[in-house]
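Q: I need the structure of the sequence given here:
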Amino acid sequence: MRVTILAVGRLARTPEAELVRLYIDRATAAGRNLGLGPFEVIEVEGRKPGKAAEAEALKPHLKDAHIIACDERGQARASRAFAQELAALRDGGARRLVFLIGGADGLDPDLREAAQGRLAFGPQTWPHALARAMLAEQLYRAVTILGGSPYHRD
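A: Residues are numbered from 1 along each chain as shown. Model (predicted):
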């Protein structure tokens, strides 16, 4: 199952971008034997400001994908539960999984409602660059959990 972080805005050369790339590369390498990956990040820009323009930029990347919107109104998941959700989607036949991260004002409501799931990173507000890094790390952690690596919470 191909896994994509689809985000509004570009990180350029920042420490957060380096963290995202590190964890995406690790997840891709570790996920190969598990039927997970490749993992990728796609960054888009709206042609005009606002959620509607951002949604138009995101939509072409959503075809035939199971979509999980990263949204403060979503459900926070423990790492093991997150890993099990990925495995269930993979085992259920999902070929593409896309995690959406909106712009500074969040996701367009229609796009958010069209998603099959919602994921929150807790009640705090996080910068979008850190949200990407945290999601990439959790994807890598999920792969290692599913691969049977020791998990410090066990």
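
Q: which residues touch the residue nearest to the spatial centre of the chain?
A: Closest to where the C-alpha atoms of the chain average out (C-alpha atoms, centre = their mean) is Phe99, at 3.4 Å. When contacts are counted by C-beta atoms under 8 Å, 6 or more residues apart in numbering, Phe99 touches 3-6, 68-70, 119, 135. Bear in mind the C-beta positions are built from the backbone N, C-alpha and C, glycine included.

Q: 10 Å - rerun?
A: Going by C-beta atoms under 10 Å, 6 or more residues apart in numbering, Phe99 touches 3-7, 41, 65-70, 115, 117, 119, 131-132, 135-136, 138-139.

Q: what lines up beside the helix or strand hosting it in the sheet?
A: Using DSSP states H and E, Phe99 maps to strand 96-101. On the basis of DSSP bridges, the sheet neighbours of strand 96-101 come out as strand 2-8 (parallel), strand 66-75 (parallel).

Q: where does Ser149 fall, helix, sheet strand or coil?
A: Following DSSP: H, G, I helix; E, B strand; the rest coil, Ser149 is assigned to coil.
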